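Peer 1: My questions concern the predicted model and sequence given below.
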Amino acid sequence: QVQLVESGGGLVQPGGSLRLSCAASGRYFRINAMGWYRQAPGKQRELVASIISGGSTNYSDSVKDRFTISRDVARNTVYLQMRSLKPEDTAVYYCNVDLLRSGSLRREYYWGQGTSVTVSS
């Protein structure tokens, strides 16, 4: 089984910054990609940013140039640095991992428990 532990959410004023972390633990053959999604009240969950094993990144248009996703391969941890935060960034942020299971090499997806980000004055 694989577990994802997230941290770093909280309350921040508009224009402020926060850094989210997500650490993966457990047995697996290889991580293909890690990403961050968010879900605001009354809205569907949406992709915020992702990073693949080769290091390429992808961002939603709404966070491009404000958020940066990065990964520490040795620590199996993905980060989301959020700057110039806006009230519309308020949501629960979820970490996601796309990996190959040990042994069977079956592709599997896991979610973190979510961390709340509130941007408000």
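Peer 2: Perfect, I can see it now.

Peer 1: so where's the chain shaky on pLDDT?
Peer 2: Applying pLDDT under 70 to the chain flags no residue at all.

Peer 1: residue ranges for the strands of the protein, please.
Peer 2: With DSSP state E as the criterion, the chain has strands at 2-7, 10-12, 18-26, 30-39, 46-52, 57-59, 67-72, 77-82, 91-100, 107-111, 115-119.

Peer 1: ok, now which ones touch the most centrally placed residue in the chain?
Peer 2: Here the mean C-alpha position of the chain is nearest to the C-alpha of Trp36 (CA atoms, centre = their mean), at a distance of 2.5 Å. Contacts for Trp36 were tallied using CB atoms under 8 Å, 6 or more residues apart in numbering; they are 20, 22, 47-50, 69, 78, 80, 93-96. Every residue, glycine included, has its C-beta placed from N, CA and C.

Peer 1: now Asp89
Peer 2: Contacts for Asp89 (CB under 8 Å, 6+ apart) come out as Arg38, Val63, Met82, Val117, Val119.

Peer 1: The residue nearest to the centre of the chain and Arg27, how far apart?
Peer 2: Trp36 sits 23 Å away from Arg27 when distances are taken as CB to CB, to the nearest Å.

Peer 1: now Gly9
Peer 2: As judged by CB to CB, Gly9 and Arg27 stand 27 Å apart.

Peer 1: try Arg71
Peer 2: Distance of Arg71 to Arg27, computed by CB to CB: 19 Å.

Peer 1: Double-check Tyr109 against Asp98; I have them as touching.
Peer 2: Yes: judged on CB atoms under 8 Å, Tyr109 makes contact with Asp98 at a distance of 5.6 Å.

Peer 1: Between the two, which is the more surrounded one?
Peer 2: Asp98 (17 against 11; other CB atoms under 10 Å).

Peer 1: Gly9 and Arg27: which is more packed in?
Peer 2: More neighbours surround Gly9 than the other of Gly9 and Arg27, with 19 against 9 (other CB under 10 Å).
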